[in-house]
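Engineer: no sequence for this one, just the structure:
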C-alpha cells in the first residue's frame, strides 16, 4: 500500500477512504489521529494492526457534532452538557455509558462505555461530516512511540500501513486531549491535557478526581495511556527535576564518552557552558511550549541513533504542566537524573 499525503482540497478522497473501510490519519489541535469508520469493526481492527496496539486498549470516538454522540450514548448529564458547551469543540474527551450493542468491542475494549472527542480542527470536522460516520481516533503512531504532531511524523511510523494522511501542518497543543470519565458518580480525569482540573471544576462547580492515571496489568483501561508504556523514543529518557542542578547534568555529560541529548527551556540552555558532546534542543520558554514541542523533540533524537540518553526538563505539575509531566514520566519510565 502506498500512503498518500493529502492536502485540504483533497478531503473528498480522504472521506472516500474512510467510507471504503481504509485508514486515514487526521489532524487535530492536540496530535494527529488515526481514523477509521467507528461503526465498521473490520476497519477498526485495522487500526490495532497498523499501530501494533494491544486489543484491550480502547479507542476514542471522534465526532463532528453533539448529535452524533447522542446516537450512541445512553444519557448526557446536565454537567456533561455544561462541559460540552464550554469545551467542545476542543481538547476535552468525555467517557459516557453506551446504549446496548451500538459499538463494537473492538472500539470499547469490551466495556459498556466509550470516550468521545469533538476536536477543534475544521478540516477533520469536515472529514467526519463528509464520511457520514464517527471515526476512531487514537494517535497515529506506532504504539508506544511519541505521538505525532506533524504529518511527517505519521508518515515515518505508518507509511505503507494506512491509505492516507490529511496534512494540516503542525499541531498547536502537542499533547493529547484531557480524558474525563463522566460515566461515574464523581467525574474523574483519566488522562490530563490542556483542559485542566481547575477548568472543569469552574464549569460544573464540584470536585473532580484527578489521580486515576494508571490501571493494573489485569485491568482493562477505560481510556488510552493508562496501562502500557507510551511516548518512548529509542534512547532512554531521564527527567531532570526542578530541584536538580543543571550544572551537575552538564558535568555528567562531559564525563560520558558518547553524545547525550538535552531538552530544556531556553533560559536553562543559555545559562550553561555545555560540553561538546551535548546535543541540545529547546522546549521553548514555558510549560505551554514544552507541551507543544515535547513529542517532536523526542522524535528528533530518533534521527541520531548514537544518542542513548536524553536529559529532559521536569516541571512542577500545575495547569498544562500536569499533562506535560504525565507524558514525560511515561516516556522516561519514571527514570530521573538523580537515579544515575
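Structural biologist: Happy to help now that I have it. Owing to the predicted nature of the structure, the values given are computational and were not obtained by experimental measurement.
Engineer: count of neighbours near residue 339?
Structural biologist: When counting by other CB atoms under 10 Å, one arrives at 8 neighbours for residue 339. Heads up, the C-betas are built off the backbone N, CA and C, glycines and all.
Engineer: right, I mislabeled it, should have said residue 303
Structural biologist: With other CB under 10 Å as criterion, residue 303 counts 9.
Engineer: and the gap between it and residue 273?
Structural biologist: 26 Å (CB to CB, to the nearest Å).
Engineer: Residue 24 too?
Structural biologist: 48 Å.
Engineer: higher neighbour count, those two?
Structural biologist: Set residue 24 next to residue 273 and count neighbours by other CB under 10 Å: residue 24 wins out with 29 against 7.
Engineer: need the contact list for that one.
Structural biologist: 14, 17-18, 34-36, 127, 162-166 (CB atoms under 8 Å, 6 or more residues apart in numbering).
Engineer: need the strands for the stretch 151-300 of the chain, in chain order.
Structural biologist: Taking DSSP state E, counting those that start in this stretch, the strands of the stretch 151-300 of the chain run over residues 164-166, 178-181, 188-191, 236-240, 260-264, 278-282.
Engineer: Next: the stretch 1-150 of the chain.
Structural biologist: With DSSP E, counting those that start in this stretch as the criterion, the stretch 1-150 of the chain has strands spanning 4-6, 24-26, 33-37, 60-62, 92-97, 113-117, 135-136.
Engineer: neighbouring contacts of the first one?
Structural biologist: By that I understand strand 4-6. 13-14, 151, 155, 163-167.
Engineer: Quick check: neighbours of it in the sheet, parallel or antiparallel?
Structural biologist: When pairs are called by DSSP bridges, strand 4-6 turns out to pair with strand 164-166 (parallel).
Engineer: one step back: out of the contacts of residue 24, who has the most neighbours?
Structural biologist: Neighbour counts for these (other CB under 10 Å) peak at residue 36, which has 32 neighbours.
Engineer: which residue packs closest to that residue, ignoring adjacent ones?
Structural biologist: residue 43 (4.1 Å; CB to CB, 6 or more residues apart in numbering).
Engineer: What score does that neighbour have for pLDDT?
Structural biologist: Residue 43 carries a pLDDT score of 98 in this model.
Engineer: Touching, it and residue 17? I think so.
Structural biologist: No. Using CB atoms under 8 Å, residue 43 makes no contact with residue 17, being 10.0 Å away.
Engineer: Could you list the buried residues of stretch 80-88?
Structural biologist: By neighbour count with 16 or more other CB atoms under 10 Å, stretch 80-88 contains the buried residues 80, 83-84, 87-88.
Engineer: of the residues you listed, closest to residue 266?
Structural biologist: For the buried residues of stretch 80-88, the residue nearest residue 266 by CB to CB is residue 87; the value is 30.6 Å.
Engineer: Give me the spatial nearest neighbour of that closest one, chain neighbours excluded.
Structural biologist: What sits nearest to residue 87 in space, not counting adjacent residues and going by CB to CB, 6+ apart, is residue 195, at 5.6 Å.
Engineer: pretty sure that neighbour is in contact with residue 92, am I right?
Structural biologist: Yes. If you go by CB under 8 Å, residue 195 and residue 92 touch, sitting 4.4 Å apart.
Engineer: what sits in contact with each of those two?
Structural biologist: Common contact partners of residue 195 and residue 92 (CB under 8 Å, 6+ apart): 177-178, 180.
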